[in-house]
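Engineer: coords please:
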Amino acid sequence: MTHASPGPAAPGPSLAGTDPARLRSLRRTGVSIGLATGLYGISFGALATTSGLDVWQAMVLSAVMFTGGSQFAFIGVVGGGGSALGAALASVLLGVRNTLYGLILAPSLPRGGFRGFARAHLTIDESAALAATAATDEEKRTGFWAAGVWVYVFWNLFSLVGALAGQRVADPGAWGLDAAAAAAFLALLWPRLRRADAVTIAVAAAFVALLTTPVLPAGLPVLAAALVAVVAGLLPSRRRPVHREGAETREEGTR
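Structural biologist: Next up, the predicted model:
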């Protein structure tokens, strides 16, 4: 008795590879994110030079530290008359989140050598967010590098523009540059406030920030507000189980 030889099996989703169109889309998105984020570098550069840094100091800080929240915290403390140690501490605390991003993305990205160093340096909100939208490791790498590299390029370019302009602007607040970063964060946050619990946490965090801003050094009110989300995450969830009754009914029906 003979058996017909089965034909080659059609590749499933895991064997089909990543769609090249999807990779091109991620690269285009990375450029768009880089340009949009980089524009806020104008605000940083202007505030840095009006806070007492010269152009070269502002550019070294931007190129080496390269995490917007930490950079704004640093110049905020320095501009407010704080010490360099206090400015560095506020910057480090705000940059801790990047370490968490790195741990999440580690399985998909290079860890050693120059590429590993570059990956660590480019692990920021934008690169981690674009990588998180991907389904495969190749897509995650493409999204990460596209956003990380282009944000770095545009951020430093526009930081230079802002630093040069800041030497000729007596009061950045008159041009709204001191509020540009806050407006950017609000624009990113607003679409995520879809659930009642998220809105509650956001309002509570804003309230804490308002209370602590007059009494804490620049940068620390942000950390105090972030603790609200941490505490909320540690509290036991009050969500009711989904389809629990239906599951119990089905289970009883099989007995």
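
Engineer: can you list the domain ranges for this protein.
Structural biologist: In terms of domains, the chain is parsed into 20-176, 193-237 (source: automatic domain parsing).

Engineer: what mean pLDDT does the lengthiest helix in the chain get?
Structural biologist: Determined from DSSP state H, the single longest helix within the chain is helix 137-166. The pLDDT scores in helix 137-166 average 92.

Engineer: just name the most buried of the domains of the chain.
Structural biologist: Greatest average neighbour count among the domains of the chain goes to domain 20-176 (a mean of 18), per mean count of other C-beta atoms under 10 Å. Where you see a C-beta, it was placed from the backbone N, CA and C, and this is true even at glycine.

Engineer: give me the distance between the longest helix of the chain and the centre of its chain.
Structural biologist: 12 Å (C-alpha atoms, centre = their mean, to the nearest Å).

Engineer: could you say what helices and strands it packs with?
Structural biologist: For helix 137-166, the packing partners by 3 or more C-beta pairs under 8 Å, 6 or more residues apart in numbering; DSSP states H and E come out as helix 20-38, helix 41-50, helix 55-65, helix 125-132.

Engineer: want to try TSV for those helices, with mean pLDDT and distance to residue 202 as columns?
Structural biologist: Putting the helices and strands packed on helix 137-166 into TSV (pLDDT from 0 to 100; distance: least, C-beta to C-beta, whole Å) gives the following:
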stretch	mean pLDDT	distance to residue 202
helix 20-38	90	21
helix 41-50	86	23
helix 55-65	91	27
helix 125-132	87	17
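
Engineer: could you dump the ones you listed into CSV and include distance to residue 79?
Structural biologist: Shown next, in CSV, are the helices and strands packed on helix 137-166 (distance: least, C-beta to C-beta, whole Å):
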stretch, distance to residue 79
helix 20-38, 22
helix 41-50, 7
helix 55-65, 12
helix 125-132, 23
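
Engineer: ok, which of those helices comes nearest residue 87?
Structural biologist: Nearest to residue 87 among the helices and strands packed on helix 137-166 is helix 55-65 (10.1 Å), distances taken as C-beta to C-beta.
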